[in-house]
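A.B. asks: Predicted model and sequence below, questions to follow.
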Amino acid sequence: PKVQQKTKEQKLAAALAGGKSKKKKWNKGKMREKLNAKILFDEDTLTRFNTEVPKMKLITPTGLIERMKISGSLARAALRQMEEEGHITLVQGHHKQMIYTRNTGAE
């Protein structure tokens with residue numbers, strides 16, 4: 001079957017209509033939701049910190065950030081203070097990641 005040829009007017013109308021499609025929009029990518037972390041201890045967070053942390057086997061600033069929803073600098077400072085008080089022991093120290101553990105009676 002022979003396809004009927006379009007007239008010049010039809011071709012012109014099709015050419016003019018062709019440019020009206022929407023332009024592709026770049027997707028925004030996956031956005032990580034921002035965690036609204038506390039930068040200072042409030043009373044209940046401080047009591048939770050003082051009770052839970054000495055009982056944890058593996059204590060890292062990252063773990064505290066996840067658990068307590070506190071900022072990294074607050075977690076590092078609190079762990080340093082807790083170590084000075086003798087509640088926890090430093091296992092491995094590095095400027096990027098500090099690893100602590102609870103105090104056992106063996107030491």
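C.D. replies: All right, it came through fine. Quick caveat: nothing in here was measured; it's all calculated off a predicted structure.
A.B. asks: Just after the longest helix seen in the chain, pick out the following helix or strand.
C.D. replies: Among the segments of the chain that qualify as a helix by DSSP state H, the longest is helix 72-85. Counting by DSSP states H and E, the element after helix 72-85 in chain order, helix or strand, is strand 88-92.
A.B. asks: That next one packs against which elements?
C.D. replies: Secondary-structure packing of strand 88-92 (3 or more Cβ pairs under 8 Å, 6 or more residues apart in numbering; DSSP states H and E): helix 72-85, strand 99-102. C-beta: built from backbone N, CA, C; applies to glycine.
A.B. asks: so which of those is the most packed in?
C.D. replies: strand 99-102 (a mean of 18; mean count of other Cβ atoms under 10 Å).
A.B. asks: ok, residues contacting that strand?
C.D. replies: The contact list for strand 99-102, computed with Cβ atoms under 8 Å, 6 or more residues apart in numbering, reads 54-60, 79, 82-83, 88-93.
A.B. asks: Report the buried members of the residues you listed.
C.D. replies: Burial by neighbour count, 16 or more other Cβ atoms under 10 Å: within those this picks out 59-60, 79, 82-83, 88.
A.B. asks: need those residues in TSV with distance to Lys23 and pLDDT, can you?
C.D. replies: Shown next, in TSV, are the buried ones among the contacts of strand 99-102 (distance: Cβ to Cβ, whole Å; pLDDT from 0 to 100):
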residue	distance to Lys23	pLDDT
Ile59	52	93
Thr60	47	94
Leu79	52	94
Met82	57	93
Glu83	58	92
Ile88	58	92
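A.B. asks: Return the member of those residues nearest to Leu12.
C.D. replies: Nearest to Leu12 out of the buried ones among the contacts of strand 99-102 is Thr60 (Cβ to Cβ; 69.9 Å).
A.B. asks: Name the nearest residue to the closest one, ignoring sequence neighbours.
C.D. replies: In space, and not counting its chain neighbours, Thr60 is closest to Ile99: 5.7 Å by Cβ to Cβ, 6 or more residues apart in numbering.
A.B. asks: partners of the one you found in the sheet?
C.D. replies: Taking DSSP bridges as the rule, Ile99 bridges to Gln92.
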